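>>> fold the following for me, if possible:
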Amino acid sequence: MRVAQLFDLSGRVAIVTGASRGIGEASARLLADAGAHVVVASRRLDTCEAVAASIRSSGGRATARVCHVGDLASIEQFWNEVDAQFGRVDILVNNAGTNTIFAPVTETDPAAFQKVVDVNFRGYWFMCQAAVRRMRLHGAGTIINVASVTAERPMDNIGVYGATKAAVVNLTQAFARECASEGVRVNCILPGLINTKFAAVLQTEGPVREAALAEIPLRRIGEPTDIAGAVLFLASDAAAYMTGAAMRIDGGMLA
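Numbering: from 1, shown residues only. Purely as a prediction, here's the structure:
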């Protein structure tokens, strides 16, 4: 098979959550470049439509849809809309995430804790469940869950965030094992420090940035496009023999 064929997603429907910016936006754009019709999903329709419109203006295919993965009713409504428009889904990129807690583990607020769990873990679980129920109908599909290096190495003051990302790795493996016989592959990505809104403190020169770079052998903060390339790989036929894997993309941070 030629390289172009391996990465050709023509005719496939790809859903990307948290796609209005950062890793999600970069992934949506690259999947569209590879030929997929991308459903750009996030909590706000206007920001999703801006990305979708930009993809369409570049010759790609994209649709904007609201999906708040921390709200089960929103998830149900989202899938109803996907069913009505497409009748299928081939690729799901679970990327939406949040962290409302920047505090020691002993000072965790229960309400903030629940919000992080609802978005980062419960939302991923039920998005995966809904996707598999549709993918099994045509015997194929792939799910990519975006976790974090904090799944393997907890960081101070974001303990709940890291715990949910560790849960995402286990979730990925559970779905991969149980859904392989139905033709569904499930993998996850563990980004390191990426130049997004979440890591805004690292974008300006100073001691915090220098301390972070000292932990990264490649000596740079990653870009959303660094993650998008892995998303395309896992979504494509080039990764046809991969399921249950957790890919670190961290510039060597955990090496």
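
>>> could you pull out the helices for the protein?
For the chain, the helices defined by DSSP state H cover 3-6, 22-33, 45-57, 72-85, 110-117, 123-135, 159-179, 207-214, 224-235.

>>> can you give me the angle the second one makes with helix 224-235?
Which is helix 22-33. Interaxial angle of helix 22-33 relative to helix 224-235 (axes from the mean of the first three to the mean of the last three CA atoms, to 10 degrees): 50 degrees.

>>> just the mean pLDDT for helix 22-33, thanks.
Mean pLDDT, helix 22-33: 98.

>>> how far does that helix sit from the chain's center?
From the chain centre to the centre of helix 22-33 is a distance of 10 Å (CA atoms, centre = their mean, to the nearest Å).

>>> got it, and stretch 161-175?
With CA atoms, centre = their mean, you get 12 Å for stretch 161-175.

>>> which parts of that stretch are buried?
Under the neighbour-count criterion of 16 or more other CB atoms under 10 Å, stretch 161-175 has 161-169, 171-173, 175 buried. C-beta here means a position set from N, CA and C on the backbone, and glycine is covered the same way.

>>> repeat that for stretch 214-230.
Buried residues in stretch 214-230 (16+ other CB under 10 Å): 216, 221-222, 224, 226-228, 230.

>>> list the contacts of that stretch.
Residues outside stretch 214-230 that contact it (CB atoms under 8 Å, 6 or more residues apart in numbering): 22-23, 25-27, 29-30, 146, 189, 191-196, 199, 202-203, 209, 212-213, 247, 249-253, 255.

>>> ok, now which ones touch C188?
Applying CB under 8 Å, 6+ apart, we find C188 in contact with 144-147, 168-169, 172, 245-247.

>>> how close does it get to R88?
Separation of C188 from R88 (CB to CB, to the nearest Å): 23 Å.

>>> one step back: I55: which of the buried residues of stretch 214-230 is nearest?
Checking the buried residues of stretch 214-230 against I55 by CB to CB gives A228 as the nearest, at 13.0 Å.

>>> what about the residue lying closest to that closest one once chain neighbours are set aside, neighbour count?
Excluding its sequence neighbours, the residue lying closest to A228 (CB to CB, 6 or more residues apart in numbering) is A26, at 4.0 Å. Residues near A26, counting by other CB atoms under 10 Å, number 23.

>>> for the residue nearest to the spatial centre of the chain, give its distance to G11.
Central residue of the chain (CA atoms, centre = their mean): N95, 2.4 Å from the mean position. According to CB to CB, N95 stands 22 Å off from G11.

>>> follow-up on the earlier one: show me what contacts the residue nearest to the centre of the chain?
N95 sits in contact with 16-19, 23-24, 27, 146, where contact means CB under 8 Å, 6+ apart.

>>> next, give phi and psi for it.
Backbone torsions of N95, given as degrees, to the nearest 10, read phi -120, psi -20.

>>> flag whichever of the buried residues of stretch 214-230 scores worst on pLDDT.
I221 (91).

>>> phi and psi next, for that one.
Dihedral angles for I221 - degrees, to the nearest 10 - are phi -80, psi 140.

>>> got the CA positions of the helix or strand of the chain with the lowest mean pLDDT in PDB?
Lowest on mean pLDDT, DSSP states H and E among the helices and strands of the chain sits helix 207-214, with a mean of 80. Extracted in PDB, the C-alpha atoms of helix 207-214 (Å, rounded to 0.1, in the frame of the first residue of the first chain):
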ATOM      1  CA  PRO A 207      12.100  30.900  35.600                       C
ATOM      2  CA  VAL A 208       8.900  28.800  35.200                       C
ATOM      3  CA  ARG A 209       9.500  28.300  31.500                       C
ATOM      4  CA  GLU A 210      13.200  27.600  32.100                       C
ATOM      5  CA  ALA A 211      12.500  25.000  34.800                       C
ATOM      6  CA  ALA A 212      10.000  23.300  32.500                       C
ATOM      7  CA  LEU A 213      12.500  23.200  29.600                       C
ATOM      8  CA  ALA A 214      15.100  21.700  31.800                       C
END
